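**Q** Got a predicted structure here, sequence first:
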Amino acid sequence: MKKKRSWAEPYKIKMVEHIALPDYEQRLKYIEEAAYNTFLLRSKDVYIDLLTDSGTSAMSDRQWARLMIGDEAYAGSKDFYQLEETVRQYYGYSYVVPTHQGRAAEHIISKILIKAGDFVPGNMYFTTTRLHQELAGGTFVDVIVDQAHDPDSDYPFKGNVDLQKLESLILEQGADHIPYFSIATTVNMAGGQPISLANLRAVRALSRKYGIPIVHDMTRVAENAYMIQQQEPGYAHKSIAEIVREICDLTDAATMSAKKDPLVNIGGFLALNDADLFEEARNLVVVYEGLHTYGGMAGRDMGALAVGIEESVSDEHMKARVGQVQYLGNQLLSAGIPIVKPIGTHGVFLNAARFLPHVPQDHFPAQALAAELYVDSAVRAMERGIVSAGRNKQTGEHNYPKLELVRLTIPRRVYTQSHMDVVAESVERVYDNRDRILGLTMTFEPRYLRFFQARFEKIRAEANAQRSARKREPVAN
Ligand code: PM9
């Protein structure tokens, strides 16, 4: 009989940070104080923090060492030049404008390229990206394939663009009103789903045909490259570094939140190939961020970022990173929990619409489910549904997304397989008791990116209360 051969993470742990599980009564109190919004919890009250993979990675010893030799000169830091060289080497873009994080790069490129009345097509919206496009006067148009909106579809490249939707938009609105295509690798809101190189090449052909550039949200490009390596015919023998380069070479500019793929706690950049655009961007960055050789970052952070970029495209790193996400996803699938399929690269997304079919979407099922998961085990997740989708900027109505999800996002190199087991068991317990979960009402709604700061109260309808009384007992301590 063939013996099983397990694989393990390509690192060992050198430093630990203690975490504690608050008791049940405390968890109830904390989530109520946080108004049922996991963004408003204090991290000291969280046991396993799966809120986001943004800025939460563990840096390597090489990255920490780089911090010590950071050059903090106001102008011309050697770390900037190192970052610029690394971006050129691994991503191929000619010019780099550092920023404090991704949304600052989005702000600058939107301000330069979008004029009032423009339309910006993209492979599904991302919250900050769309907001900056709207603030610049544009309207985002979703041109992702329909499968991306179906959590049960097994389609392997749900990040693909529907080429017909894209070309119809160009013909309807005219190429002059489309400043760029906004293409993300991977697609966060669809569940961390990749775009294929075949599809990106076809998007590139349309970009050339109509003279419209591609702005690449490259926040998780190495994760996307891993999925191409695993799934796209012809790429099994190419390295992630080679595939990353092939993706970037099909695009004209990029925004990067370095807090994800490149393994740093803060940072980002705008990368460009066009010299005139670069001049404009590096002029604007001094208005909003800082001098063009540091943007919003300390010299040492740019140094750690340069090392992180190199580490992020390692095949063995990515196998362990995505492998851990798939480990959790497969546990949940085996337990019959409704999750987005296929399992994405940066997190497992619970399908709250199927988890809580009795909670209408305007009672915020995903928000309620994330709160309930915290009460069960102090695992912190986040809503990715109607709250994140915000309101229609013309009508003021809620946007009703087809995907009503809770994201269990896995920080890179931080948690172990046992942590994943605890999370899976907690989700299963909450699922077993799902009938007693009621929805929420929103009691405070901020104007921008409401999911970060909105406040909620539990719906305590009499009939619902009676129905759930039978199962009121706590499910864990
Ligand atoms: N993403 C995330 O948790 C952090 C903010 S929303 C909770 O997934 C993409 C694809 C992102 C992203 C941030 C940004 C913005 C742009 N594109 O957060 O400003 O996933 O660095 O990047 C978050 P910054």
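**A** Looks like it arrived, so ask away. Keep in mind the model is a prediction, meaning the values are calculated, not measured.
**Q** Report the contact partners of the most centrally placed residue in the chain.
**A** The chain has residue 188 as the residue nearest its centroid, 4.3 Å off, counting by CA atoms, centre = their mean. Shown in contact with residue 188 (CB atoms under 8 Å, 6 or more residues apart in numbering): 126, 219, 220, 346. Backbone N, C-alpha and C define where each C-beta goes, glycine included.
**Q** what sits against the closest residue to residue 446 other than its chain neighbours?
**A** Once flanking residues are discounted, residue 446 sits nearest to residue 453: 4.6 Å by CB to CB, 6 or more residues apart in numbering. Applying CB under 8 Å, 6+ apart to residue 453 gives the contacts 37, 39, 40, 444, 446.
**Q** can you do 10 Å?
**A** For residue 453, the contact set (CB atoms under 10 Å, 6 or more residues apart in numbering) comprises 35, 37, 39, 40, 444, 445, 446, 447.
**Q** Show me what the residue in the stretch 201-350 of the chain positioned nearest to the ligand is bridged to.
**A** Closest approach between the stretch 201-350 of the chain and the ligand, counting by CB to the nearest ligand atom: residue 257, at 3.2 Å. Beta-bridge partners for residue 257, by DSSP bridges, are residue 268.
**Q** so residue 332 touches residue 431, yeah?
**A** Yes - between residue 332 and residue 431 a contact is recorded at 8.9 Å, counting by CB atoms under 10 Å.
**Q** Just want to know which of these two has more residues nearby.
**A** Neighbours per residue (other CB atoms under 10 Å) separate residue 332 from residue 431, with residue 332 holding more: 21 against 18.
**Q** any idea which element the more buried one lies in?
**A** Taking DSSP states H and E as the definition, residue 332 sits inside helix 315-334.
**Q** Which among the contacts of residue 453 count as buried?
**A** 35, 37, 39, 40 (16 or more other CB atoms under 10 Å).
**Q** Out of the contacts of residue 188, grab the one that's most surrounded.
**A** Of all the contacts of residue 188, residue 219 has the most neighbours under the rule other CB under 10 Å, reaching 29 neighbours.
**Q** can you tell me which helix or strand that residue belongs to?
**A** Counting by DSSP H and E, residue 219 is found in no helix or strand.
**Q** Also the one 4 residues further on?
**A** Counting by DSSP H and E, the element that carries residue 223 is helix 221-231.
**Q** Wondering if that helix reaches the ligand at all.
**A** No - figure legend: helix 221-231 not in contact with the ligand (CB under 6 Å from any ligand atom); closest approach 10.2 Å.
**Q** got the buried residues for the helix holding residue 332?
**A** For helix 315-334, the neighbour count (16+ other CB under 10 Å) marks 315, 317-322, 324-329, 331-332 as buried.
**Q** Is the following helix or strand past that helix in proximity to the ligand?
**A** Note on helix 315-334: by DSSP H and E, the next helix or strand toward the C-terminus is strand 347-351. No - shown here: strand 347-351 not in contact with the ligand (CB under 6 Å from any ligand atom), separated by at least 8.4 Å.
**Q** and the angle from strand 347-351 to helix 315-334?
**A** Following axes from the mean of the first three to the mean of the last three CA atoms, to 10 degrees, one obtains 20 degrees for the angle between strand 347-351 and helix 315-334.
**Q** Who are the packing partners of strand 347-351?
**A** Counting contacts by 3 or more CB pairs under 10 Å, 6 or more residues apart in numbering; DSSP states H and E, strand 347-351 packs against helix 315-334, helix 365-377, strand 382-384, strand 405-409, helix 417-432.
**Q** Mind checking the pLDDT average for that strand?
**A** Average pLDDT, strand 347-351: 98.
**Q** what angle sits between that strand and helix 365-377?
**A** Using the same axes, to 10 degrees: strand 347-351 against helix 365-377 is 110 degrees.
**Q** circling back to that earlier point, give me the phi and psi angles of the residue nearest to the centre of the chain.
**A** In terms of degrees, to the nearest 10, the main-chain angles of residue 188 are phi -60, psi -60.
**Q** how close does it sit to the ligand?
**A** 4 Å (CB to the nearest ligand atom, to the nearest Å).
**Q** Could you report the pLDDT at that residue?
**A** So, for residue 188, pLDDT stands at 97.
**Q** Can you tell me the closest non-neighbouring residue to the residue in the chain that the ligand sits nearest to?
**A** Taking CB to the nearest ligand atom, the ligand has its nearest neighbour within the chain at residue 102, 2.6 Å off. Excluding its sequence neighbours, the residue lying closest to residue 102 (CB to CB, 6+ apart) is residue 257, at 2.8 Å.
**Q** Number of residues surrounding the one you found?
**A** 28.
**Q** pretty sure it contacts residue 54?
**A** Yes - contact criterion CB under 10 Å: residue 257 and residue 54 qualify, at 6.7 Å.
**Q** Overlap of the contact sets of these two?
**A** 101, 102, 219, 266.
**Q** Could you list the contact residues of the stretch 101-250 of the chain toward the ligand?
**A** Listed as neighbours of the ligand in the stretch 101-250 of the chain under the rule CB under 6 Å from any ligand atom: 101, 102, 103, 126, 127, 128, 129, 184, 188, 217, 219.
**Q** again, only this time at 5 Å
**A** Within the stretch 101-250 of the chain, the residues that sit near the ligand (CB under 5 Å from any ligand atom) are 101, 102, 103, 126, 128, 188, 217, 219.
**Q** which residues sit in contact with the last one?
**A** With contact set as CB under 10 Å, 6+ apart, residue 219 has these partners: 53-54, 102, 105, 126, 129, 184-186, 188, 254-262, 268, 346.
**Q** From these, which land in helices?
**A** Counting by DSSP state H, those place 102, 105, 129 in helices.
**Q** helix or strand for the residue lying closest to residue 69 once chain neighbours are set aside, which one?
**A** Sequence neighbours aside, residue 303 is the residue nearest to residue 69 in space, at 7.0 Å (criterion: CB to CB, 6+ apart). Under the criterion of DSSP H and E, residue 303 resides in helix 299-312.
**Q** picking up where we left off before, would you reformat the helices and strands packed on strand 347-351 as CSV and include mean pLDDT and distance to the ligand?
**A** Formatted as CSV, these follow (pLDDT from 0 to 100; distance: least, CB to the nearest ligand atom, whole Å):
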stretch, mean pLDDT, distance to the ligand
helix 315-334, 98, 13
helix 365-377, 98, 12
strand 382-384, 98, 6
strand 405-409, 98, 6
helix 417-432, 98, 17
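**Q** Next, format these as TSV and append distance to residue 84.
**A** TSV is the format used below for the helices and strands packed on strand 347-351 (distance: least, CB to CB, whole Å):
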stretch	distance to residue 84
helix 315-334	23
helix 365-377	39
strand 382-384	33
strand 405-409	30
helix 417-432	37
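**Q** my read: residue 139 touches residue 115, true?
**A** No - look at residue 139 against residue 115 with CB under 10 Å: they stay out of range, at 11.8 Å.
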